[in-house]
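**Q** pasting the sequence and the predicted coordinates here, then a few questions.
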Amino acid sequence: MIDPAAVVERLEQVRGRIAAAGGDPDAITLVAMTKGFGPDAVRAALAAGLDRIGENRAQELRAKAAEIDGAQWHFLGRIQRNKVRGLAPLIVLWQSVDRAEVGEEIARRAPGASVLVQVNVSGEPQKGGCAPADTPGLVDRLRTLGLDVQGLMAIGPTGPPEAAREPFRALAAQARTLDLDHLSMGMTEDLEVAVQEGATMIRVGRGLFGPRA
């Protein structure tokens with residue numbers, strides 16, 4: 001079971017890390033990543049004042065949403081087109097749109113939905129995201145579909161946190177070029193680097209809830 005008091009304590013630690021890295025904890029959105037944790041993690045996050053809840057498995061998100069009110073659900077996994085219909089009524093931000101076909105399905109099921117384009121900044125094949133060179137075209141296509149493209153999302157490369165600095169910096173530069181306001185980058189391990197390179201949104205799981213089982 002997740003201890004709500006421990007989540008509050010860890011949240012303060014995360015905010016302290018953001019501040020120490022030069023960021024404003026009140027200006028950076030924290031997304032509580034509850035993948036692999038039970039519904040009690042979502043309830044603890046909500047009780048701590050975190051209502052942006054991230055999941056990357058459609059079935060797990062739908063099960064939690066069915067029994068918990070008040071969460072603003074973000075989807076961050078690889079999006080399968082056949083799962084969009086069931087998720088569409090629940091998602092406030094699709095963070096991992098990486099191809100036009102997914103955008104077309106989201107636009108069909110949730111017209112005007114808010115999305116981020118996921119960019120594979122590391123080139124690692126196991127990570128999702130479009131190639132940086134393909135990002136402008138995908139952003140244009142999603143906008144043509146009527147979707148609200150709010151920004152870019154990336155997962156840092158495997159390795160020490162500092163390895164994410166140049167990829168995150170490049171992502172921030174691309175967002176500026178495309179006139180996009182939001183950057184979802186950084187997780188528990190590399191959030192300091194993400195803050196220093198301009199993240200407006202950080203995704204934290206173990207940093208709030210402890211190790212996954």
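**A** Ah, there it is.
**Q** for stretch 115-129, what is the distance to the chain centroid?
**A** Counting by CA atoms, centre = their mean, to the nearest Å, stretch 115-129 is centred 12 Å from the centre of its parent chain.
**Q** what is the mean pLDDT for it?
**A** Per-residue pLDDT values over stretch 115-129 give a mean of 92.
**Q** for that stretch, how far is the first residue from the last?
**A** Across its full length, stretch 115-129 reaches 13 Å between end residues, using CA to CA, to the nearest Å.
**Q** mind listing what's buried along it?
**A** Burial within stretch 115-129, assessed by neighbour count using 16 or more other CB atoms under 10 Å, is assigned to 115, 116, 117, 118, 119, 120, 121, 122, 127, 128, 129. Bear in mind the C-beta positions are built from the backbone N, C-alpha and C, glycine included.
**Q** and for stretch 85-96?
**A** Along stretch 85-96, the positions that meet the burial threshold by neighbour count (16+ other CB under 10 Å) are 87, 88, 90, 91, 93, 94, 95, 96.
**Q** so which of the residues you listed sit within helices?
**A** residue 87 (DSSP state H).
**Q** tell me the one of the buried residues of stretch 85-96 nearest residue 204?
**A** residue 95 (13.8 Å; CB to CB).
**Q** can you give me how far stretch 65-74 is from the chain middle?
**A** Using CA atoms, centre = their mean, the mean C-alpha position of stretch 65-74 is found 16 Å from that of the whole chain.
**Q** hey, C-alpha coordinates of it in CSV?
**A** Presented in CSV, the C-alpha positions along stretch 65-74 are these (Å, rounded to 0.1, in the frame of the first residue of the first chain):
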residue,chain,number,x,y,z
ALA,A,65,-10.4,5.8,-14.1
ALA,A,66,-13.4,3.6,-13.6
GLU,A,67,-13.1,3.8,-9.8
ILE,A,68,-11.4,7.1,-9.2
ASP,A,69,-12.7,10.6,-9.8
GLY,A,70,-10.8,13.9,-10.1
ALA,A,71,-7.8,12.7,-12.1
GLN,A,72,-6.6,14.5,-15.2
TRP,A,73,-5.3,11.6,-17.2
HIS,A,74,-2.3,11.8,-19.5
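**Q** what lies in contact with that stretch?
**A** By CB atoms under 8 Å, 6 or more residues apart in numbering, the surrounding residues in contact with stretch 65-74 are 31, 39, 42-43, 46, 51-55, 61, 64, 90-95.
**Q** and that stretch, what's buried?
**A** Within stretch 65-74, the residues scored as buried using 16+ other CB under 10 Å are 65, 68, 71, 72, 73, 74.
**Q** so which of the buried residues of stretch 115-129 are in strands?
**A** By the criterion of DSSP state E, membership of the buried residues of stretch 115-129 in strands covers 115, 116, 117, 118.
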